[in-house]
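Enquirer: A predicted structure for the sequence below; I have some questions about it.
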Protein chains: 2
Amino acid sequence: MSTLPLLDTLLLGWREEIEAALARVLAELPGPASTVRQAMRHAVLGGGKRLRPLLTLAVCRACGGRTEEALVPAAALELVHAYSLVHDDLPAMDDDALRRGRPTVHVAFGEAAAILAGDALLTLAFELLATHPEGAGAAPRRAEAVATVARAAGASGMVGGQQADLEAERTAAGSVDPGHLRWIHVHKTGALLGAAAEIGALHAGWEAARREPLARYGCALGLAFQIADDILDATASREALGKTPGKDARAGKATYPLLFGLEESRRMAEEQMEAALAELRAAGVADDGGVLDSLTRAAVRRQA
Amino acid sequence: MSTLPLLDTLLLGWREEIEAALARVLAELPGPASTVRQAMRHAVLGGGKRLRPLLTLAVCRACGGRTEEALVPAAALELVHAYSLVHDDLPAMDDDALRRGRPTVHVAFGEAAAILAGDALLTLAFELLATHPEGAGAAPRRAEAVATVARAAGASGMVGGQQADLEAERTAAGSVDPGHLRWIHVHKTGALLGAAAEIGALHAGWEAARREPLARYGCALGLAFQIADDILDATASREALGKTPGKDARAGKATYPLLFGLEESRRMAEEQMEAALAELRAAGVADDGGVLDSLTRAAVRRQA
């Protein structure tokens, strides 16, 4: 009999299932292309908060779905996130050597393998979304899942946000328009979290119109999460973060702390978190035990 | 009344439809992410043989399908091909400055934008495969198309081939095993052409088992095409190719001409082309007017 509260039991169990699913879909690949698979495993299996897949599973449950049907799609969301980190860390992009407390993929395997491993992670994510859950009846949901994640991850979503982020570095950081900074965060981080939430509802059988508030909830959570990330980059240690802190300032990046100061940024993160929770309540899910509520608060109020 | 033979009329018409579809799906994207869309357009809209989408349409027709249902999926195959060229041309990979007679994407837009444009092209390809042709009845075909292309393009296919190709450069070129060189070409080039053929059959409504010989046909064509490419790299001019010739030798790459000499390589390309045509005949398609037959021969016997 567990003495843990429902929330912790659920999250611990899901985390284990997500790790197992990721290890399974990234099994060693013998033969001439083994290096690219090793680089993919390095990128994904070295830890991480697993926020996107946890969000997918928690939303699926709150929408009355069977979380086992959403498990591999949830893992696919983590692969998309991991690919974006591998490419963002490249010398031509953010040029970072440390991620999750370990060398980044291009440091460990070289730039070419890092580019290819990112490409292969993105490709594998779509293969998994297109094939899970199995069964002829789930085919429309699988096609819709691919389209939803692709829209969120592409030029009109995450990739567009990353491009705008890089371009903003060429502008004097203090002069970046706050609305533009919000646009960058919403696209770079919010869009994929919105898709993670929507995929959970999709595999619970919810129709498009009913999924929209959940996509908005995930996106709002993503913005709050990113403001918290900006604050941690400015305040936390390398050990706590597992990545290089203070990078935003050195790169001349516009961030919430730079534009608004730390105190005001903390207030804005809380405000944005409350906005996300309001979207969640409006979505009409059954968040038994307050799992999504707690996940949302923990994602924004984290220390690393 | 056209005086052109059926073959030319069909191919010319398809080519126009493919160009129009590509221009449509890559319409300008106003706003902060406009650069990445410009880079995507530069990568795709600057010419090219369009072999993959032509193959998809020709197979669809020969399988009794409606080519208009396969048009956007065919265009998606070209986007996957274009993304692979953008990333392959990067300084960390093949480091090429010229493609289709114009500066490569990283030369024209910078490395970061080239990485992101490649990512966005791949993502857009899966979005298009997941959403076209429209209609609830086509959803299982759409999900299957995504899975088929993803398997061909990922670590077990095209990306794996590219990784093995880069690793082979570190081996003394003359000492590369011919079987390994074949493995590289089959994965780097054959897999995606196999998927292009299979998608044509899929959208003609052919079941998985009946599609297999067509996938093998496309893959065999891909190998013949790549041997021809090796020969052209060793013999053609920059003007004819629209890209830098003689690159393979300078990069120390193992190629068919290096391993077997030019004459034997030409014989092997013809032999491999005949193997592809045998697969095609075994597939039991109705290749009225010999369209696929001609397309196959032209792809291998080209001068650029």
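Expert: Received the coordinates, thanks.
Enquirer: Can you give me the pLDDT of the residue most central in space within chain A?
Expert: The centroid of chain A falls nearest to residue A:52 when counting by CA atoms, centre = their mean (4.5 Å). At residue A:52, the model reports a pLDDT of 98.
Enquirer: Check which helices and strands the helix or strand harbouring it sits against.
Expert: Remark: residue A:52 resides in helix A:51-62, with elements defined by DSSP states H and E. Under the contact criterion of 3 or more CB pairs under 8 Å, 6 or more residues apart in numbering or on different chains; DSSP states H and E, the helices and strands touching helix A:51-62 comprise helix A:6-25, helix A:67-88, helix A:191-202, helix A:208-235, helix A:291-300. (C-beta placed from N, C-alpha, C; glycine too.)
Enquirer: residues making contact with the helix or strand residue A:184 falls within?
Expert: Secondary structure assigned from DSSP H and E places residue A:184 in helix A:178-185. Residues outside helix A:178-185 that contact it (CB atoms under 8 Å, 6 or more residues apart in numbering or on different chains): A:161, A:164-165, A:168, A:222-223, A:226-227, A:254-256, A:259-260, B:32.
Enquirer: in that helix, what's buried?
Expert: A:181-185 (16 or more other CB atoms under 10 Å in any protein chain shown).
Enquirer: If I take that helix and helix A:208-235, what angle do their directions form?
Expert: With axes from the mean of the first three to the mean of the last three CA atoms, to 10 degrees as the criterion, the two stretches helix A:178-185 and helix A:208-235 enclose an angle of 110 degrees.
Enquirer: How about the residue of the stretch 1-150 of chain A found nearest chain B: what's its closest non-neighbour residue?
Expert: Scanning the stretch 1-150 of chain A for proximity to chain B using CB to the nearest CB identifies residue A:33 as nearest, at 2.9 Å. For residue A:33, the nearest residue in space outside its immediate sequence neighbours is residue B:160; the separation is 2.9 Å by CB to CB, 6 or more residues apart in numbering or on different chains.
Enquirer: which residues touch the helix or strand harbouring residue A:269?
Expert: Using DSSP H and E, the secondary-structure element containing residue A:269 is helix A:262-282. For helix A:262-282, the surrounding residues in contact (CB under 8 Å, 6+ apart) are A:213-214, A:216-217, A:220-221, A:223-224, A:227-228, A:230-231, A:234-235, A:256-257, A:260, A:287, A:292-293, A:296-297, A:300-301.
Enquirer: next one: stretch A:293-302
Expert: Judged by CB under 8 Å, 6+ apart, the contacts made with stretch A:293-302 from elsewhere in the structure are A:7, A:11, A:49, A:51, A:54-55, A:58, A:221, A:224-225, A:227-228, A:232, A:269-270, A:272-273, A:276-277, A:280, A:287.
Enquirer: switch the cut-off to 6 Å
Expert: A:7, A:51, A:58, A:221, A:224-225, A:228, A:269, A:273, A:276-277, A:287 (CB atoms under 6 Å, 6 or more residues apart in numbering or on different chains).
Enquirer: Show me which positions of it end up buried.
Expert: Residues of stretch A:293-302 classed as buried under the neighbour-count rule (16+ other CB under 10 Å) are A:293-297, A:299-300.
Enquirer: Let's see that stretch as PDB, backbone CA atoms only.
Expert: Presented in PDB, the C-alpha positions along stretch A:293-302 are these (Å, rounded to 0.1, in the frame of the first residue of the first chain):
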ATOM      1  CA  ASP A 293      -3.000  22.000 -11.300                       C
ATOM      2  CA  SER A 294       0.100  20.800  -9.400                       C
ATOM      3  CA  LEU A 295       2.100  20.000 -12.500                       C
ATOM      4  CA  THR A 296       1.500  23.500 -13.800                       C
ATOM      5  CA  ARG A 297       2.600  25.100 -10.500                       C
ATOM      6  CA  ALA A 298       5.600  22.900 -10.200                       C
ATOM      7  CA  ALA A 299       6.700  23.600 -13.800                       C
ATOM      8  CA  VAL A 300       6.700  27.400 -13.100                       C
ATOM      9  CA  ARG A 301       8.000  27.400  -9.500                       C
ATOM     10  CA  ARG A 302      10.900  25.000 -10.000                       C
END
